[in-house]
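Peer 1: Show me how the following folds:
(one chain, ligands or ions: 2)
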Amino acid sequence: MVDLHSIRNTEVEKRAVRDSAEHAGAKEVYLIHEPMAAAIGIGIDVEEPMGNMIIDIGGGTSEIAVIALGGIVCDQSIRVAGDGFTNDIWDYMRRQHNILIGERSAERIKIEVGSALPELENPPTDFAVHGRDLMTGIPKRSPFRIRRLHMHSISPYRKWKKRSSRHLK
Ligand SMILES: Nc1ncnc2c1ncn2[C@@H]1O[C@H](COP(=O)(O)OP(=O)(O)O)[C@@H](O)[C@H]1O
Ligand SMILES: [Mg+2]
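Peer 2: Ligands and ions are numbered 1, 2, ... in the order given. Coordinates of the predicted model:
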């Protein structure tokens, strides 16, 4: 059995994972760091004598690692990740457009039309947003449409970016 674990996991946490895998009947248990699994998963030759930077954006944290010669050269885990982006979109819709949307809708906007780049070669098609008008409290019947949501245009995101770039230097 192969189990993935975060770079941050303590020896006690690793022991717990190993024990439960053995308890589940695994004869041999291997623990692999998540960035290493991600690198192998996208087809990077992790053994080559050249560094590859992997950024694995999760829900609460992003794991950044440089991998070379089959090992992790250096790594950093930062608290800037997907759930924060979802929250920023929710906040942006509320502040800029006076529309209250659900968390699931905010996540769908992120997945369907969210973009880290200001210009895209093939921008996504229009995405209909349903929510409640904060002024009237009435559900917005005519869907409010967005084509592309550039994350830089969302102010809280700039704060996140500033914080994360400090870690990336
Ligand atoms: N297609 C996608 N595009 C952008 N973000 C996505 C996509 N699919 C999932 N996410 C986001 O990824 C995050 C979860 O990442 P995941 O790797 O499952 O979590 P973790 O590794 O922290 O357990 C959530 O914020 C979710 O909204
Ligand atoms: Mg993950």
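Peer 1: Around ligand 1, pick out the residues from this structure.
Peer 2: Counting by Cβ under 6 Å from any ligand atom, the residues of the chain close to ligand 1 are 58, 59, 60, 82, 83, 86, 107, 110, 111. From N, CA and C alone the C-beta is placed, and that goes for glycine too.
Peer 1: swap the cut-off to 5 Å and go again
Peer 2: The chain has residues 58, 59, 82, 83, 107, 111 near ligand 1, with proximity defined as Cβ under 5 Å from any ligand atom.
Peer 1: for the chain, what helix or strand is lowest in average pLDDT?
Peer 2: The helix or strand of the chain with the poorest confidence is helix 155-168; it has a mean of 59 (mean pLDDT, DSSP states H and E).
Peer 1: picking that back up, which of the residues of the chain next to ligand 1 has the most neighbours?
Peer 2: Counting neighbours by other Cβ atoms under 10 Å, residue 107 leads the residues of the chain next to ligand 1 with 19 neighbours.
Peer 1: so which helix or strand takes in residue 19?
Peer 2: Applying DSSP states H and E as the criterion places residue 19 in helix 11-23.
Peer 1: what's the neighbour count on residue 21?
Peer 2: 18.
Peer 1: Kindly report the same for the one 10 residues further on.
Peer 2: As a burial measure, residue 31 scores 14 neighbours (other Cβ under 10 Å).
Peer 1: residues near residue 129, how many?
Peer 2: By other Cβ under 10 Å, the residues close to residue 129 number 22.
Peer 1: let me redo that: residue 19
Peer 2: Residue 19 - counted by other Cβ under 10 Å - has 11 other residues nearby.
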